[in-house]
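Peer 1: I'll drop the sequence and a predicted model, then ask my questions.
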Amino acid sequence: MIIEKVEATNEATNEATNKSGFEATVDIAEDGLTAKLSLTFLSDDSEITVEDLLKTLAENNVVYGIRDDLINEICNNGISVVDVIVATGIEPEHGQDATIDYFFTEKRKPFPKTTDENKVDFKELGYIETVSEGDLLAQKTNVTNGEDGITVRGEVIKHKPGKDKRLLCGEGCCQIEDEVQVIAEYVIAEYDGIVKLENGKLSVSKYVEIDSDIGVETGNIKFCGQVVVNGNVTDGYTVECDGDLLINGFVEGAVLKSKGNIIVSKGIHGQWKASIHCDGNLSTTYINGASVNVKGDIDADYILNSMTRCDGKTYAHGRKGIIVGGEIISRSIEAQIVGSDLGVATIVRLGVSMEMLNAFRKLNEEVSVLMSMVNKLKQCLVLLGKRVEIDSSDTKSIGMLSEYGGKLQKTKSRIK
């Protein structure tokens, strides 16, 4: 620290010189925030008054932050001192910059999920990190202005104000101002989706694009909106979404589930392992060896050896335009060729919706269960009837005979 040194000798009057001779040195720090006093009495009977000492400090430009208690003590004791801090200024309080804290990870490394049985599932990597409606995404802490300081000379030390930042909100975000002054704003998600931070602006999107194959690097994909895959969906993996699903590649023995439409640009080669479910339409180059359930229409160049069920129409409009092998259930079919002369069985069911067919199958299963119950009750009634014939006083068997008889009648009425 560089110190400014000024020396002063008191020779105010002859009387003062004789009685109160002293020598004082005042050192002011370079930043002007402290002043040190070195005081030496010139004789044993020398003394100094508070007024004299304050005058000495003033002559050396020390006018602020003077420690009156220390000045009084020095004057009362009459003892020489060296480098005693007799005045202290006030440091400026610089403003704090506004800060923005984010409560999500925009890009994170996929990591295998551990199941409840402490097993590692390498197909569940959490490749897409989503947020839910109402989740806190970010908060902004207010900027502070700060306060000026003052030196022992009485000079003002200007403070530096903090720098503000803007918390920008885009689609899918809601900005809330806080009533507490420390936190200025909160940003929460308006709906489920994936968070994006672009050029300082937050948004929540129901669209995600994956620039790779769905496989060991990504694991299974599950998303609450639209998904675009710029690659293939490889054997054994699943893609599930609430919006449309676009695959710019092939689908192998994988599972696709969509509450919207599904488009597979290069075709489905399912190897009898692929399972496709969608609430909208399915459009692809070809379908081979797959199980397909569609509530809308199916549009493919050709369909081979597959189980396809749709509530709408099935089109095979390509150059081949054929449907061969497997089973097809649809309201109507448009194709150049259906079936084959080579002995490949092709089952076609028209005019029945998938929903009605599933309901019919469920009813058949329920009837089979009820018929099995009827047969068992009849057998029980025969055995109980023989017991009662042998012992007419067997009240337990008589009661069971009446109970089972009632159950038989109710079961038969349910079948009707």
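Peer 2: Sure thing, it's come through.

Peer 1: Please count neighbours and contacts with C-alpha atoms only from this point.
Peer 2: Noted.

Peer 1: Find the residue at the geometric middle of this protein.
Peer 2: residue 131 (3.7 Å; CA atoms, centre = their mean).

Peer 1: Which strands or helices does the one helix or strand residue 403 maps to pack on?
Peer 2: Assigned by DSSP states H and E, residue 403 belongs to helix 395-415. The contact analysis (3 or more CA pairs under 8 Å, 6 or more residues apart in numbering; DSSP states H and E) places helix 395-415 against helix 354-390.

Peer 1: just how off-centre is the helix it packs on within its chain?
Peer 2: 52 Å (CA atoms, centre = their mean, to the nearest Å).

Peer 1: Mind listing what's buried along that helix?
Peer 2: If you call a residue buried by 16 or more other CA atoms under 10 Å, then helix 354-390 has these buried ones: 354, 370, 373, 374, 377, 381, 384, 385, 387, 388.

Peer 1: ditto for stretch 401-416
Peer 2: Quick answer for stretch 401-416 (16+ other CA under 10 Å): 401, 404, 408.

Peer 1: same check, this time on stretch 132-140
Peer 2: Buried residues in stretch 132-140 (16+ other CA under 10 Å): 135, 136, 137, 138, 139, 140.

Peer 1: can you check stretch 98-106 too?
Peer 2: Here stretch 98-106 shows 98, 99, 100, 104 as buried, counting by 16+ other CA under 10 Å.

Peer 1: In a markdown table, list the residues you listed along with secondary structure and pLDDT.
Peer 2: Formatted as a markdown table, the entries for the buried residues of stretch 98-106 read as follows, by DSSP: H, G, I helix; E, B strand; the rest coil; pLDDT from 0 to 100:
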| residue | secondary structure | pLDDT |
| --- | --- | --- |
| 98 | coil | 90 |
| 99 | strand | 90 |
| 100 | strand | 91 |
| 104 | coil | 86 |
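
Peer 1: Any chance of a markdown table for the residues you listed, columns distance to residue 208?
Peer 2: Formatted as a markdown table, those follow (distance: CA to CA, whole Å):
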| residue | distance to residue 208 |
| --- | --- |
| 98 | 32 |
| 99 | 29 |
| 100 | 25 |
| 104 | 16 |
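
Peer 1: re the thing from before, the buried residues of stretch 132-140 in strands, which ones?
Peer 2: Judged by DSSP state E, strands contain the following of the buried residues of stretch 132-140: 136, 137, 138, 139, 140.

Peer 1: and the second one, what does it touch?
Peer 2: Listed by CA atoms under 8 Å, 6 or more residues apart in numbering, the contact partners of residue 137 are 102, 103, 104, 186, 187, 188, 189.

Peer 1: wait, residue 202 sits on residue 173?
Peer 2: Yes. Between residue 202 and residue 173 a contact is recorded at 7.2 Å, counting by CA atoms under 8 Å.

Peer 1: hey, what's residue 294 bridged with?
Peer 2: Beta-bridge pairing of residue 294 under DSSP bridges involves residue 278, residue 310.

Peer 1: Could you do residue 121 as well?
Peer 2: Applying DSSP bridges, one finds that residue 121 bridges with residue 113.

Peer 1: how close does it sit to residue 273?
Peer 2: From residue 121 across to residue 273, the span is 20 Å (CA to CA, to the nearest Å).

Peer 1: And the pLDDT at residue 116?
Peer 2: Per-residue pLDDT puts residue 116 at 69.

Peer 1: least trustworthy helix or strand in this protein by mean pLDDT?
Peer 2: helix 14-20 (a mean of 36; mean pLDDT, DSSP states H and E).

Peer 1: picking up where we left off before, would you mind checking which of the buried residues of stretch 132-140 is nearest to residue 48?
Peer 2: Nearest to residue 48, judged by CA to CA, of those is residue 140 at 57.8 Å.

Peer 1: So which residues of the stretch 1-150 of the chain form helices?
Peer 2: 14-20, 50-59, 68-77 (DSSP state H, counting those that start in this stretch).

Peer 1: residues contacting residue 85?
Peer 2: Here residue 85 is in contact with 34, 35, 36, 37 (CA under 8 Å, 6+ apart).

Peer 1: Quick one: residues contacting the second one.
Peer 2: For residue 35, the residues meeting the contact criterion (CA under 8 Å, 6+ apart) are 26, 27, 28, 29, 62, 85, 86, 87, 88, 152.

Peer 1: 7 Å - rerun?
Peer 2: 26, 27, 28, 29, 85, 86, 87, 88, 152 (CA atoms under 7 Å, 6 or more residues apart in numbering).
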